[in-house]
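> from the sequence below, what's the structure:
(one chain, ligands or ions: 2)
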Amino acid sequence: MHFSKLFIPTLKESPADAEVISHKLMVRAGMIRQVASGIYSILPLGLRVLRKVEQIIREEMNQIDGQEVFLPSIQPAELWIESKRWDFYGKELLRIKDRHGREFCYGPTHEEVITDIVRKEVKSYRQLPILLYQIQTKFRDEVRPRFGIMRGREFMMKDAYSFHTDEEDTQRTYNQMAQAYTNIFNRCGLNFKQVQADSGTIGGSFSHEFAVLADSGEDDIGFCESCGYASNLELAESKPPAPSTPPATRQEIKEVETPGQKSVEDVAGFLNLSARQIVKTILLENEHGLVAGLVRGDHEINPVKLKNLIGCEWLQPAGEEVISRHPELHCGYVGPVGLDLPVYADCEISAMYDFVTGANKTSTHFTGVQVERDLKIKQFSDIRTVKADDPCPRCERGVYQVKRGIEVGHIFILGTKYSSAMKAVYLDQQGKENAMIMGCYGIGVGRTAAAAIEQNHDDKGIVWPRNLAPFQVIIIPVNYSNEDLKTVCDTIYDQLQETGIETLLDDRSDRLGGKLKDADLLGIPLQIIVGPKNLSAGQVEIKIRKTNESDLHPYPEVIADIPSILKGL
Ligand code: ATP
Ligand code: MG
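Ligands and ions are numbered 1, 2, ... in the order given. I've put the predicted structure just below:
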């Protein structure tokens, strides 16, 4: 392709609202343009990259016998009412009406549509399993669209759905899918981790996210380099406390005045204790009312773990306004002793003695509190958030590292959630009707490309991993109107194209400096710079974008070496 013919509107400045580097560089490199908040047009260079991601995904999905389909983006409300998500999905679902006043939505995901197809067509165990996937536009009316196409409202997703007769078979496909995702993100040149993820109220440990490690990520990932255990921090397990021997004599419970001392730090300082000797009581609210969670003073409560433990629909820290409706609760002085609420305690509390809690009275705390004597705990469980340097729960020596991650993929065993609600059943060998077991598996196509930029860039621009680059080679003549240079450039171009190497020839009459800057910005892995001085010595310059290293190579011999140079990148 000749540069002058391609629509690559590069910019010197980043858009004012761009917070992350991938957003800035995608706009500057002329890959995307915003149409409305979270809604983007993908321009030719951007589309070349997205197609690369898609192609890699397709190959890996086909490899595990996935069959590609293309489902409608507009979906009738009836299906969503059947699955009970019409109300549950909330404001992220873009609802629309047709001319007859019938309700539809723009699909944020396709469980309903696919389950509807399969329930109508599949009747017998003989027709299962089935694995279908599509690459298609989704719409989610995100609360905070940002980061360009990384968190858009309209975005491209690969979504796959599988249908099975039994759990073992579901698990087999799930494992194959995890391997396919690993292949995909490796081929995309990403540094990622497969992490245990929250499967919410669906239950089981059968959800994993694929997180690309990058500071701009919106998730926290906890992992242990010693044994490889990795989890979304929402779920990362803490190591149970080592058994401890209680002190020979135990303190009596005592009320102490702590005027104005509300936070753990205040109380610890005031009583000259460490935060480890204090138990924090956190009030949370769910659909049934208030609950209390206890964690050690230097720990943080984890609402996701607690929500999964209780099995409620939602759970969030109770605000002052909620607490003020309960006159018996005093903000900053709430404690578990005599508290008339369900009390859940972190495991670590079971190894504590002689500790301090709020006394449910303004400006007062208890000291010398004992679990078995003074507290009524509904359940002990792991309900705290792990932090860096906490011991790994899976191995002896390791400790947690915590890094930010961008979720590029998510795999899930759904069980019979949708098949039961929508009556997707099959007849088994005995002629008995059973609900199909389902799995679903998503990858954000645009988010994957953006994540690749987050991991691969420098101050000059994008540094594409080889397999995602829109072109592998760019030829940059110092002056294309010079007949000799033109002939050489055209020869290199024709030969590379013939070898199947996607090549861009910068035939513009711009100054060399500008062309070199653009080449760096676009991030094409290999630049061939053709100038009169080097050429008169029978040489051309080759610059590797990743290392910014330039070398002179003999012309025309170098043309034959390009494929192997590229392979090594
Ligand atoms: P997030 O927690 O980031 O909102 P999600 O859990 O809602 O993601 P899924 O429903 O699992 O995401 O969607 C599958 C994949 O689609 C995600 O792993 C991600 O790569 C991509 N994706 C989700 N939301 C967006 C978005 N707003 N913009 C771009 N890609 C997205
Ligand atoms: Mg989301």
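
> and stretch 209-225, end to end?
The stretch stretch 209-225 measures 18 Å between its terminal residues, going by CA to CA, to the nearest Å.

> now swap in stretch 116-133 and tell me
Separation of the first and last residues of stretch 116-133 by CA to CA is 15 Å.

> got the contact list for it?
61, 64-69, 71, 79, 114, 158-165, 169, 173, 419, 422-429, 436, 441 (CB atoms under 8 Å, 6 or more residues apart in numbering). For every residue, glycine as well, the C-beta is placed using N, CA and C.

> please pick the buried ones from these.
Among the contacts of stretch 116-133, those buried by neighbour count (16 or more other CB atoms under 10 Å) are 61, 64, 66, 69, 71, 79, 114, 158-165, 169, 173, 419, 422, 424-426, 436, 441.

> rewinding a little: from the contacts of stretch 116-133, which ones fall inside helices?
61, 79, 114, 169, 173, 419 (DSSP state H).

> CSV for these, including pLDDT and distance to ligand 1?
Compiled in CSV, the ones in helices among the contacts of stretch 116-133 are given as follows (pLDDT from 0 to 100; distance: CB to the nearest ligand atom, whole Å):
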residue, pLDDT, distance to ligand 1
61, 98, 14
79, 98, 17
114, 98, 14
169, 97, 22
173, 97, 17
419, 96, 19
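
> farthest pair within those?
When these are compared pair by pair using CB to CB, the two farthest from each other are 79 and 169, 25.5 Å apart.

> point out where the stretch 1-150 of the chain drops to low pLDDT.
Under the criterion pLDDT under 70, no range of the stretch 1-150 of the chain is flagged.

> again with the chain
Applying pLDDT under 70 to the chain flags the ranges 200-205.

> spatially central residue in it, please.
Within the chain, one residue has its C-alpha closest to the average C-alpha position: by CA atoms, centre = their mean, that is residue 407, at 1.0 Å.

> list the neighbouring strands of the helix or strand hosting that residue plus their orientation.
Residue 407 is part of strand 401-415, with elements assigned from DSSP states H and E. Looking at strand 401-415 with DSSP bridges, its paired strands and their directions are strand 207-213 (antiparallel), strand 219-223 (antiparallel), strand 437-444 (antiparallel).

> for ligand 1, find the nearest of these.
Using CB to the nearest ligand atom as the criterion, the shortest distance between ligand 1 and these is 2.4 Å, found for strand 437-444.

> and the next element down the chain from the closest one?
Downstream of strand 437-444, the first helix or strand assigned by DSSP H and E is helix 445-455.

> in its sheet, which strands sit next to the helix or strand following that following helix, and in what direction?
Moving toward the C-terminus from helix 445-455, the first helix or strand encountered (DSSP H and E) is strand 457-458. In the sheet containing strand 457-458, the strands it pairs with under DSSP bridges are strand 461-462 (antiparallel).

> ok, which of the strands paired with strand 401-415 comes nearest residue 194?
strand 207-213 (5.3 Å).

> ok and the closest one relative to helix 445-455, angle-wise?
With axes from the mean of the first three to the mean of the last three CA atoms, to 10 degrees applied, the angle from strand 207-213 to helix 445-455 works out at 40 degrees.

> got the contact list for the closest residue to residue 179 other than its chain neighbours?
Closest residue in space to residue 179, ignoring its immediate chain neighbours: residue 64 at 7.9 Å, by CB to CB, 6 or more residues apart in numbering. With contacts defined as CB under 8 Å, 6+ apart, residue 64 is in contact with 131, 173, 176, 177, 179, 180.

> ok, the residues you listed vs ligand 1, which is closest?
Of all the contacts of residue 64, residue 177 has the smallest distance to ligand 1: 12.8 Å, by CB to the nearest ligand atom.

> surely the closest one touches residue 412?
No: with contact defined as CB atoms under 8 Å, residue 177 and residue 412 do not form a contacting pair (9.6 Å).

> please enumerate the shared neighbours of those two.
Taking CB under 8 Å, 6+ apart as the contact rule, residue 177 and residue 412 both touch 439, 441.

> what about the strands in the stretch 51-200 of the chain?
Applying DSSP state E, counting those that start in this stretch to the stretch 51-200 of the chain gives strands spanning 67-68, 74-76, 94-97, 103-106, 130-139, 154-164, 192-196.

> strands paired with the first one, and their directions?
Spelled out, that is strand 67-68. Pairing partners of strand 67-68, with direction, according to DSSP bridges: strand 130-139 (parallel).

> what segments of the stretch 201-350 of the chain are helices?
Applying DSSP state H, counting those that start in this stretch to the stretch 201-350 of the chain gives helices spanning 264-271, 303-310, 320-323.

> out of the ones you listed, deepest packed?
Here the criterion is mean neighbour count by mean count of other CB atoms under 10 Å, and of these the winner is helix 303-310, at a mean of 20.

> name the helices or strands packed onto that helix?
Contacting helix 303-310 under the criterion 3 or more CB pairs under 8 Å, 6 or more residues apart in numbering; DSSP states H and E are the following elements: strand 279-286, strand 289-296, strand 315-317, strand 343-346, strand 379-381.
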